[in-house]
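[1] Turn this into a structure:
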Amino acid sequence: MVMRLRFEKRLRTLQSSVQLCGVCCNKLTTKHLFSRISLSQGGRRRCLVIHIGNISSSQKNFPASQENGVDRKFPNVKAERQKPPWRILFFGTDDFSLHTLKVLHSNRQQLDYKLVDTLEVVTKQKCSVRRFAEVTGLVTHDWPISITPEKFDVGVLVSFGKLIPSKVINKFAYGILNIHPSLLPRWRGAAPIPHTVLNGDQETGVSIMQILPTRFDQGPIVKQVKLPVPPGCTTLELAQGLGEKGSQMILEVLSDLVSHLDNRVQQSTEGVTLAHKLSRTMAYINWESQTCQQIDQQYRALHELLPLRTEWNGKAVKLLDMIITEDDVETAAEVFFKTKHFSPGQPFYRKKSNKLYIRCKDGWVGFKSLILKKPMTAQDFDCGYLSKTLTYPDMKFTSVKNGLFQKDS
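    This next block holds a predicted model:
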């Protein structure tokens, strides 16, 4: 009883000067004190007094989520590893991920606003990321990798293409951050940018999330920014803009990493779409079911990676250099064929513009060149396959189902 009265007097003294608990940084209360007394019995009264005593100036700077200089949400993180600069292990392979690696490397060399302490790279052989790392003298690792505990604070992953196991993720005090070029949960998967262009999205963005060991692109969102899709852009053009934006965003996250992680949110279960890996089948055109707009989107999404394809008399054809169709093509075709009725896949070489036009569901799409056994111009194709054929009006490019636009059947 005497002991309790002494501590109540001590508590009133502390409260009168608005003292805080040295452990949790909350205001002291009677209930708070007694709960600590029950933990401090057995001759450890002195320890309790220290616990509720005046806090030091360094402790006053700790947020409410920290205990004794260690963040309660990251209990294994030492006090000196709770602020930049960070020890980073970067995972990446392609040109899109190279944007971020260059920015991290540049920041590491700065004298002020330095967010990167050490920087090492995990990548594959013969790729743009490895070439840059070797030229700049960054330490590189092959996948799979064995990581020394407490060597790195956080991982940064961009276009790596490998599912990272928990035994690797757990070696990072703050986990691994993934820069993903879409507004997750839309376009989870390997090819979000081509699918954004392919489907005619008006809005896209960049999401930074913590990766999970069991599935791709489903981790909590740390930061997300929306961006408009530039009209008429291609996959590589959009990738350039999103890559630059993502590299800026990761610096913003690293500047206040703990706060961003504290405020991460789970992804919505609604609006989930999958951006599966690109395949050759996706490059084929279904002349009966696809509109001019859809073929334009297909071309802008794929042609820098996969040329559009069709078939001519059972032989594969690659269509190159797609152009915007002139307004008077329909009239010119009617004059040439002496009919207003055209079949999907029907070709029309227009000598005036030296372009090959092909009929689709709702109009004509044009190409300057193609590959049929060998590269050729539209005029070459006309001379070799159209003008010398008596059945020219009846010859057509063959449609191939590609599974795109959900109406392809």
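
[2] where does this protein have low pLDDT?
    1-76, 79-80, 389-393, 406-409 (pLDDT under 70).

[3] Quick one: residues contacting residue 305.
    The contact partners of residue 305, by C-beta atoms under 8 Å, 6 or more residues apart in numbering, come to 194, 235, 278. For every residue, glycine as well, the C-beta is placed using N, CA and C.

[4] go on, residue 117?
    84-88, 108.

[5] Of the contacts of residue 305, which is the most crowded?
    Highest neighbour count within those: residue 194, with 26 neighbours (other C-beta atoms under 10 Å).

[6] how near is that one to residue 124?
    21 Å (C-beta to C-beta, to the nearest Å).

[7] Check residue 142 too.
    7 Å.

[8] Also residue 223?
    Counting by C-beta to C-beta, the gap from residue 223 to residue 124 is 27 Å.

[9] Report the secondary structure state of the closest residue in space to residue 198 that isn't next to it in sequence.
    Spatial nearest neighbour of residue 198, chain neighbours left out: residue 301 (3.8 Å); criterion: C-beta to C-beta, 6 or more residues apart in numbering. With DSSP: H, G, I helix; E, B strand; the rest coil as the basis, residue 301 sits in helix.

[10] What count of nearby residues applies to residue 301?
    Using other C-beta under 10 Å: residue 301 sits among 27 other residues.

[11] please renumber so the chain begins at 322
    Sure, I'll start counting at 322 from here, so that last one is residue 622.

[12] Verify the contact between it and residue 516 for me.
    Yes - Residue 622 is within contact range of residue 516, at 7.4 Å (criterion: C-beta atoms under 8 Å).

[13] Between the two ends of stretch 524-541, how far is it?
    Terminal residues of stretch 524-541 are spaced 21 Å apart (C-alpha to C-alpha, to the nearest Å).

[14] in that stretch, what's buried?
    Neighbour counts over stretch 524-541 (16 or more other C-beta atoms under 10 Å) mark 525-533, 537-538, 540 as buried.

[15] nearest to residue 629, of these?
    residue 525 (22.6 Å; C-beta to C-beta).

[16] now what about stretch 441-452, what contacts it?
    Under C-beta under 8 Å, 6+ apart, the answer for stretch 441-452 is 409-416, 418-419, 422, 454, 459-464, 466, 473, 481.

[17] In PyMOL, select just the buried ones from the residues you listed.
    A single PyMOL command selects the buried members of these (16+ other C-beta under 10 Å):
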select buried, resi 409+410+411+412+413+414+415+418+419+422+454+459+461+462+473+481
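
[18] Just to be sure, which of the contacts of stretch 441-452 are found in helices?
    The helices, defined by DSSP state H, take in 416, 418-419, 422, 454 from the contacts of stretch 441-452.

[19] out of the residues you listed, which one sits closest to residue 604?
    Using C-beta to C-beta, the ones in helices among the contacts of stretch 441-452 come closest to residue 604 at residue 416, 20.7 Å.

[20] so who does the closest one touch?
    449, 560, 564.

[21] could you dump the residues you listed to a markdown table with neighbour count and distance to residue 641?
    Formatted as a markdown table, those follow (neighbours: other C-beta atoms under 10 Å; distance: C-beta to C-beta, whole Å):
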| residue | neighbour count | distance to residue 641 |
| --- | --- | --- |
| 449 | 16 | 25 |
| 560 | 23 | 21 |
| 564 | 24 | 26 |
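
[22] so can I have a markdown table of those residues showing distance to residue 630 and secondary structure?
    What follows is the contacts of residue 416, written out as a markdown table (distance: C-beta to C-beta, whole Å; DSSP: H, G, I helix; E, B strand; the rest coil):
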| residue | distance to residue 630 | secondary structure |
| --- | --- | --- |
| 449 | 27 | helix |
| 560 | 22 | helix |
| 564 | 28 | helix |
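
[23] now, which of those residues sits nearest residue 659?
    For the contacts of residue 416, the nearest to residue 659 is residue 560 (46.3 Å; C-beta to C-beta).

[24] Name the residues linked to the residue positioned nearest the centre of the chain by a beta bridge.
    The chain has residue 501 as the residue nearest its centroid, 1.1 Å off, counting by C-alpha atoms, centre = their mean. With DSSP bridges as the criterion, residue 501 is bridged to residue 528.

[25] what residues are up against it?
    Contacts of residue 501 by C-beta under 8 Å, 6+ apart are 513, 527-530, 538.

[26] Which ones among the contacts of stretch 441-452 map onto strands?
    Under the assignment DSSP state E, these contribute 409-413, 460-462 to strands.

[27] Assumed residue 630 was part of a strand.
    Yes - counting by three-state DSSP, residue 630 falls inside a strand.

[28] ok, what's across the strand from it?
    Assigned bridge partners for residue 630, using DSSP bridges, are residue 605, residue 639.

[29] give me the number of residues near it?
    Quick note: residue 630 (other C-beta under 10 Å) scores 19 neighbours.

[30] Do a quick rundown of the helices in the stretch 522-671 of the chain.
    Taking DSSP state H, counting those that start in this stretch as the test, the helices found in the stretch 522-671 of the chain are 556-576, 578-583, 613-623, 650-658.

[31] Quick one: neighbours of residue 674, just the number.
    Neighbours of residue 674 using other C-beta under 10 Å come to 16.

[32] Roughly how far does it sit from residue 693?
    20 Å.

[33] To which secondary structure element type does residue 504 belong?
    coil.

[34] For it, give me its contacts.
    524-526, 528, 545, 547.

[35] Mind checking which of these land in strands?
    524-526, 528, 545, 547.

[36] which non-adjacent residue is nearest residue 726?
    residue 615 (5.5 Å).

[37] The one you found - how many residues pack around it?
    23.

[38] my guess is it meets residue 725, correct?
    Yes - here residue 615 reaches residue 725: they are 7.5 Å apart, a contact under C-beta under 8 Å.

[39] before we move on, the earlier item: identify the farthest-apart pair in the buried residues of stretch 524-541.
    525 and 533 (22.7 Å).

[40] how long is stretch 698-715 end to end?
    Note: stretch 698-715 ends 22 Å apart using C-alpha to C-alpha.

[41] outside of that stretch, which residues touch it?
    633, 658, 667-668, 670, 672, 675-677, 688-691, 693, 697, 716.

[42] Cheers, nothing more for now.
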